[in-house]
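**Q** Here's my sequence, what's the structure:
(2 chains)
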Amino acid sequence: MPEQLAFAMEVFLNGLMSGVLYALVALGFVLIYKASGIFNFAQGVMALFAAMTLVGVQNGQVPFAHLINAIFGTHVHTFGWNVPSVFALIFTVGVMILLAWAVQRFVFRHLVGQEPIILFMATIGLAYFLEGFADLMWNSEIKKLDFCLTANTCLPQGINIAIDEFTFNAFGYGFFIDNLDITATIVAIILVIALVAFSQYTKQGRAMRAVADDHQAALSVGISLNFIWVLVWSLAGFVALVAGIMWGAKSGVQFSLSLIALKALPVLMLGGFTSIPGAIVGGLIIGVGEKLFEFWVGPLVGGATENWFAYVLALVFLVFRPQGLFGEKIIERV
Amino acid sequence: MSNDSYVTDDGRTIGPTVMEMKNITLRFGGVKAITDISFDIREGEIRAIIGPNGAGKSSMLNVISGFYVPQEGEVWYKGAKRPPMKPYQVAEQGIARTFQNIALFEGMTVLDNVMTGRLRQMKANMFEQAIWKGKAEREEVENREVVEKIIDFLEIQAIRKTPVGRLPYGLKKRVELARALAAEPSILLLDEPMAGMNVEEKEDMSRFILDMNDEFGTTIALIEHDMGVVMDLSDRVVVMDYGKKIGDGTPDEVRNNQDVIDAYLGVAHD
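**A** Numbering: from 1, shown residues only, chains lettered A, B, ... in the order given. Sure thing, here's the model as predicted:
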């Protein structure tokens, strides 16, 4: 096998894996959009907030340390303990559920029946609020996230199964794979299977789909819209947490994390706003597409194609297939 | 309010009062949709609310099912005064309904749609649901059996797995009825179940309504403006016109009521 082709294959593999990360973010969008028709601009910031909370709790940071110090003239920064990853994770999930409840209670409950554009504006406001809140709560330094992914932080001493990256030989070529990417892929697959099973075969899942379909009918069979919305925002918060962990482990927990939300937009246009499998496939296509495009076409046009490739692809889709690959076709009955 | 029971000519037992509306008044801004209306619904009967277009029939049904909250008056249900409630809480109390303009979950299959009617009967908590073991699994199977029975009863087996969005109007109406029936309601509210149907479909629907009442003993309150159908179906009829009650009684009594005749044949209102 020629060196060039093998290298292209490696690029393809890496593209697939970064695609998984895009898909994870897109998944959070789809969940909320399906159930409530809200395009949640704050999804990326939720991922950031989740990752920061996780790291903060793990490292025993004092929340609102700057605020407390400024008011009381103290110098507290950490509690001086480290919380085991698992407990920190459970705590963060709790925080995300609380956030979901608060968002529903204080924002969207007052906007029931409003135009989609108004709901969208509210999520933009929410995004900025949450970004500032995260900054105030956990400060804005770039933090390192160690979460059983990159190193042996949660295994007993002496056992060494996790390695940062490895190469395997095939076709006489050493493929270079980032271990984190494999973990991310496996987690994403499990997450998607679990979400699909939940929405297809359980009472709450059925209620979720019912609410997504028709509010009035859902009320008439005894479904509380409020409860379902909180549930959906919690699920989206959980997905954001997973995405935040993956991205945070890859590039550090920092505020640019919230910008990955923008990369999820072309993913959604490709996959369709209402389809869970669509988010996955869309993410993979974007991930692979931008890597391969950079590899083949990049050198001809001076590189940096990764910045715009996804958006151009999305634009092409908007022209020829506006509902995306898996989205519900929009049919207006006359 | 009555506590006694009696047996009808065709051998069905009509029980005591299950729901009573007392002096209901509903306003939208300055417009009175319902003015001081009282009537009761007894267990096991088919109770019709009729009236010309715009008489306030649908508003009445929306009051019963909690979609509208009346400004004045009381709703008594199973012997207790009902506090103001959200529609989903009313549904949890065992009052199921259908809609005039059909409100189904278009993207879901017929089976899934009818299964949503069973949500009230599924008690397993979120955690059990999530791992789908023990109670959750058992409940799913049990409820599935009930749902299959209802699907058989309404003769929609052939379209069980079809997404509702693809069905014709008449079948959608039947699926909506199945979903409401699946809740095993204490009172089943039907909003114009025969609107927009042809004669054959109307006959089918009438048969289903009678059979439901006969076989399951379901208490039914229905709205209809087609007088002929209603008179054949119902035990007692409330007649509304311009938001007021102008008649209440058996079909025969109502038919001979001068106010009702005027409302339907058209007499100048003062």
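**Q** can we go C-alpha only for contacts and neighbour counts from here?
**A** Fine.
**Q** By mean pLDDT, flag the weakest helix or strand of the chain.
**A** Just so you know, I chose chain A. Among the helices and strands of chain A, strand A:165-170 carries the lowest confidence by mean pLDDT, DSSP states H and E, at a mean of 63.
**Q** wrong one, chain B
**A** helix B:126-131 (a mean of 66).
**Q** I'd like the next helix or strand past that helix.
**A** Past helix B:126-131, further along toward the C-terminus, the next helix or strand under DSSP states H and E is helix B:135-153.
**Q** pull the CA atoms of the helix or strand that that following helix is followed by into PDB?
**A** Remark: after helix B:135-153, the chain's next helix or strand is helix B:169-182, criterion DSSP H and E. Extracted in PDB, the C-alpha atoms of helix B:169-182 (Å, rounded to 0.1, in the frame of the first residue of the first chain):
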ATOM      1  CA  TYR B 169     -59.000  11.500   8.500                       C
ATOM      2  CA  GLY B 170     -61.600   8.900   9.500                       C
ATOM      3  CA  LEU B 171     -59.000   6.500  10.800                       C
ATOM      4  CA  LYS B 172     -57.200   9.300  12.700                       C
ATOM      5  CA  LYS B 173     -60.400  10.000  14.500                       C
ATOM      6  CA  ARG B 174     -60.600   6.300  15.500                       C
ATOM      7  CA  VAL B 175     -57.000   6.200  16.700                       C
ATOM      8  CA  GLU B 176     -57.700   9.300  18.800                       C
ATOM      9  CA  LEU B 177     -60.600   7.500  20.300                       C
ATOM     10  CA  ALA B 178     -58.400   4.400  21.000                       C
ATOM     11  CA  ARG B 179     -55.900   6.500  22.800                       C
ATOM     12  CA  ALA B 180     -58.600   8.100  25.000                       C
ATOM     13  CA  LEU B 181     -60.200   4.700  25.700                       C
ATOM     14  CA  ALA B 182     -56.800   3.200  26.600                       C
END
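**Q** any residue of the next helix or strand after helix B:169-182 up close to chain A?
**A** Using DSSP H and E, the helix or strand that directly follows helix B:169-182 along the chain is strand B:187-191. No - judged by Cα under 8 Å from any Cα of the partner chain, strand B:187-191 makes no contact with chain A; its nearest approach is 10.5 Å.
**Q** Pull the contacting residues for the nearest residue to residue A:211 once chain neighbours are set aside.
**A** Distances taken as Cα to Cα, 6 or more residues apart in numbering or on different chains put residue A:218 closest to residue A:211, at 5.5 Å, once the chain neighbours are dropped. Residues counted as contacts of residue A:218 (Cα atoms under 8 Å, 6 or more residues apart in numbering or on different chains) are A:207, A:210-211, A:224-225, B:88.
**Q** which one of the residues you listed has the most neighbours?
**A** If you count neighbours using other Cα atoms under 10 Å in any protein chain shown, the busiest of the contacts of residue A:218 is residue A:210, which has 28 neighbours.
**Q** That residue: which element?
**A** Residue A:210 is part of helix A:203-213, with elements assigned from DSSP H and E.
**Q** Show me what the strand or helix carrying residue A:88 packs onto, helices and strands only.
**A** Following DSSP H and E, the helix or strand that holds residue A:88 is helix A:85-106. In terms of contacts (3 or more Cα pairs under 8 Å, 6 or more residues apart in numbering or on different chains; DSSP states H and E), helix A:85-106 is packed against helix A:43-58, helix A:225-251.
**Q** mind exporting the following helix or strand past the last one as CSV, just the C-alpha atoms?
**A** Of the helices and strands lying after helix A:225-251 in sequence (DSSP H and E), the nearest is helix A:260-271. These are the backbone C-alpha positions of helix A:260-271, laid out as CSV (Å, rounded to 0.1, in the frame of the first residue of the first chain):
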residue,chain,number,x,y,z
ILE,A,260,-17.6,24.5,19.5
ALA,A,261,-21.3,25.1,19.6
LEU,A,262,-20.8,27.0,16.3
LYS,A,263,-19.2,23.9,14.7
ALA,A,264,-22.4,22.0,15.7
LEU,A,265,-24.5,24.2,13.4
PRO,A,266,-23.2,22.8,10.1
VAL,A,267,-23.5,19.3,11.7
LEU,A,268,-27.2,19.9,12.4
MET,A,269,-27.8,21.3,8.9
LEU,A,270,-26.4,18.2,7.5
GLY,A,271,-28.1,15.7,9.8
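**Q** Give me the angle between helix A:260-271 and helix A:43-58.
**A** Counting by axes from the mean of the first three to the mean of the last three Cα atoms, to 10 degrees, helix A:260-271 points 130 degrees away from the direction of helix A:43-58.
**Q** and the angle for helix A:260-271 with helix A:225-251?
**A** When the same axes, to 10 degrees is applied, the directions of helix A:260-271 and helix A:225-251 differ by 110 degrees.
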